[in-house]
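Participant: sequence first, predicted model second:
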Amino acid sequence: MTEPAAHTAELVVVANRLPVDRVVDGDGEPGWRRSPGGLVTALEPMMRRTDGAWVGWPGQADIEVDPFEFEGTYLVPVALSAEDVELYYEGMSNDTFWPLYHDVIAEPRYRRVWWDSYVKVNRRFAESAAAVAAEGATVWVQDYQLQLVPQMLREARPDLTIGYFHHIPFPAYGLYSQLPWRRQVLEGLLGADVIGFQRVADAGNFARAVRRQFRYETKASGITVPNPDGTTRRALAKAFPISIDASSYVELAQRDDVKARAKEIRESLGNPKKILLGVDRLDYTKGIRHRMKAFGELLEDGRITVEDVTLVQVASPSRERVAAYMQLRDEIELTVGRINGDHDTMGHTAIRYLHQAYPREEMVALFMAADVMLVTALRDGMNLVAKEYVAARIDNRGVLVLSEFAGAADELSSAVRINPHDIDGMKDAIMRAIEMPPAEQGRRMRALRRKVLENDVARWSQSFLDALDGARERNRFPALN
Ligand code: GDG
């Protein structure tokens, strides 16, 4: 392991990305800007409270950056070469784990060179984390790019309390077992004291995989894991559904300029009676094509017209160098072109398609302008967009159409639920949402808002850290196990 760093921290977050983006100002001087991601907002308050460090990749290949302070957090950059990015990130993370863990919606590719790079890069992250963690510190590892880090850290630093949170689904064993490195990955994850998942079902799938592979005993959320010295310890595998910083969405929705922008958006679409909205990274897990098929058929069947109903689809650019994403983009854009070509009039468009990313204010204005929010994921760990829409509807109006295959469906039971594979069912659900009387909208939206405002992201991170505190106590007093 590397030399201990000059600076050490009591709480260390390890994530593929640092919470900042590298920017170059007008004079060509490089600097850093806080990145807008959800995880950053989720962990920011807690990082400020504690003496925190964050280990992650700065987002550009082949740059070496020394650790630095940024807004109260000590940032430890992990360098990735262009080859690391290609093999570990685009290959193993985004072309093997991502499709495999999303129920093989796209075919996962198993490449030994990708795996070798994944192991090597995970070790680099583990070494950086081990070097910056103070004696007895807590380390919280994030997501599927770093599944081997917990075990690597435990071997190097048995004094640490280690958490891992899995942001995406964990698949049923029948699928998981395809993975040529299925044992190594489970071993990697079991290095953590607390292994968090989005849904109860994900935690269950993980526990089943552990039983099938290792025959370890699992009881309630506890897994009995053998130590190298013959004793055992208890790892906790359970659901901690992630959420959003709900009050910041409420604040944006209350701003006059944002309200005015929502009105302007409606007008610029020709004031249709109903606006439907989809907001997704352009990803095959999000069910964008299924949504468009349903919408196109509703127009075809004459159940809606372009004068009355417009679909706004924000598809923010994502993983543009991975072949499956290039192909998906072509398919979606062909579909949009066909539907618009068949149905547009001079004054009205069927689908306003935007392959762009927008500032948060614009997203909230869109949420406020949209009568119906379509979340039609084929598989999704949680889906924060569903929660953001609900938080932004301070007027208690609007309808959320939500796929059963998104983690958010476990909590948001007052949404109109759909199975996105059932196109007829989805068409009927969209019609129901379009025609829903205001009183029913209000009843459902109030129930949804209660859930999202109560279970916000601060509560999520606190409950995970509480579980880690419990684990630390058990480590100190093994009789508690
Ligand atoms: C993974 C899991 C899980 C999107 N376009 C723009 C924009 N966004 C924001 C959304 C939302 C976030 O990006 C996307 O979060 P999701 O949860 O919807 O989906 P993933 O990116 O797949 O996230 C997912 C999540 O991790 C957290 O654990 O819920 O299941 O797949 O916040 O609003 N934001 C802005 N402009 C855009 O154009 N500002």
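Facilitator: Here it is on my side, so go on. Numbering: from 1, shown residues only.
Participant: show the backbone phi and psi for residue 255.
Facilitator: Main-chain dihedrals, residue 255, degrees, to the nearest 10: phi -70, psi 140.
Participant: now do the same for whatever residue of the stretch 51-200 of the chain ends up closest to the ligand: helix, strand or coil?
Facilitator: Ranked by Cβ to the nearest ligand atom, the top residue of the stretch 51-200 of the chain for proximity to the ligand is residue 167, at 3.6 Å. Where you see a C-beta, it was placed from the backbone N, CA and C, and this is true even at glycine. Put simply, residue 167 is coil when judged by DSSP: H, G, I helix; E, B strand; the rest coil.
Participant: residue contacts, it?
Facilitator: By Cβ atoms under 8 Å, 6 or more residues apart in numbering, residue 167 lies in contact with 39, 142, 143, 144, 198, 242, 381, 382.
Participant: check residue 218 too.
Facilitator: By Cβ under 8 Å, 6+ apart, the residues touching residue 218 are 207, 210, 211, 224, 237.
Participant: the fourth one reaches residue 216, doesn't it?
Facilitator: Looking back up the chat, that one is residue 224. Yes: at 5.7 Å, residue 224 counts as touching residue 216 under the criterion of Cβ atoms under 8 Å.
Participant: got the phi and psi for the residue nearest to residue 339 when sequence neighbours are not counted?
Facilitator: Nearest non-adjacent residue to residue 339, counting by Cβ to Cβ, 6 or more residues apart in numbering: residue 296, 4.4 Å away. Residue 296 has phi and psi values of phi -60, psi -40 when expressed as degrees, to the nearest 10.
Participant: which residues touch residue 296?
Facilitator: Contacts for residue 296 were tallied using Cβ under 8 Å, 6+ apart; they are 335, 338, 339, 342, 350.
Participant: how much space between it and residue 423?
Facilitator: Between residue 296 and residue 423 the distance is 10 Å, computed by Cβ to Cβ, to the nearest Å.
Participant: next one: residue 44
Facilitator: 41 Å.
Participant: out of these two, which sits in the busier spot?
Facilitator: A count of neighbours by other Cβ atoms under 10 Å puts residue 44 above the other of residue 44 and residue 423, at 20 against 14.
Participant: next one, pLDDT for the more buried one please.
Facilitator: On pLDDT, residue 44 comes in at 77.
Participant: got it, and the one 3 residues further on?
Facilitator: What the model reports for residue 47 is a pLDDT of 81.
Participant: do the same with the one 10 residues further on
Facilitator: You'll see residue 57 listed with a pLDDT of 97.
Participant: swap in residue 3?
Facilitator: For residue 3, the model assigns a pLDDT of 53.
Participant: what of residue 41?
Facilitator: The model reports residue 41 with a pLDDT of 72.
Participant: and the helix or strand containing it, what other elements does it pack with?
Facilitator: Secondary structure assignment for residue 41, by DSSP states H and E: helix 38-49. If contacts are counted by 3 or more Cβ pairs under 8 Å, 6 or more residues apart in numbering; DSSP states H and E, helix 38-49 sits against strand 9-17, strand 52-57, helix 457-476.
Participant: which among those is found nearest to the ligand?
Facilitator: The ligand lies closest to helix 457-476 among the helices and strands packed on helix 38-49, at 9.4 Å (Cβ to the nearest ligand atom).
Participant: quick one: contacts of the closest one?
Facilitator: Outside helix 457-476, the residues within contact range by Cβ under 8 Å, 6+ apart are 38, 41-43, 45-46, 136, 138, 140, 161, 163, 165, 193-194, 196, 233-234, 236, 238, 240-246, 480-481.
Participant: 7 Å instead?
Facilitator: With contact meaning Cβ atoms under 7 Å, 6 or more residues apart in numbering, helix 457-476 is reached by 41-43, 45-46, 138, 161, 163, 165, 193-194, 196, 234, 236, 240, 242-245, 480-481.
Participant: now, of those, which are buried?
Facilitator: 41-43, 46, 138, 161, 163, 165, 193-194, 196, 234, 236, 240, 242-245 (16 or more other Cβ atoms under 10 Å).
Participant: of the contacts of residue 218, which is the most crowded?
Facilitator: Counting by other Cβ under 10 Å, top hit in the contacts of residue 218: residue 237 with 26 neighbours.
Participant: so which strand or helix has it?
Facilitator: Residue 237 belongs to strand 232-239 when assigned by DSSP H and E.
Participant: please pull up the helix or strand immediately following that strand.
Facilitator: Sequence order places helix 246-254 as the next helix or strand after strand 232-239, per DSSP H and E.
Participant: average pLDDT across that next one?
Facilitator: Mean predicted lDDT for helix 246-254 stands at 97.
Participant: what do you get for stretch 389-401?
Facilitator: Stretch 389-401 carries an average pLDDT of 98.
Participant: that one: which residues count as buried?
Facilitator: Neighbour-count burial for stretch 389-401 flags 389, 390, 391, 392, 393, 394, 398, 399, 400, 401 (criterion: 16+ other Cβ under 10 Å).
Participant: now swap in stretch 334-348 and tell me
Facilitator: 335, 336, 339, 340, 343, 348.
Participant: for the helix holding residue 41, C-alpha coordinates in CSV please.
Facilitator: Taking C-alpha atoms only, helix 38-49 is exported to CSV below (Å, rounded to 0.1, in the frame of the first residue of the first chain):
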residue,chain,number,x,y,z
GLY,A,38,-27.1,14.0,-7.3
LEU,A,39,-24.5,12.2,-5.3
VAL,A,40,-22.7,15.5,-4.7
THR,A,41,-25.8,17.2,-3.3
ALA,A,42,-26.6,14.1,-1.3
LEU,A,43,-23.3,13.9,0.5
GLU,A,44,-22.3,17.6,0.6
PRO,A,45,-23.9,18.5,4.0
MET,A,46,-22.4,15.5,5.6
MET,A,47,-19.0,16.1,4.1
ARG,A,48,-19.1,19.7,5.5
ARG,A,49,-20.1,18.5,9.0
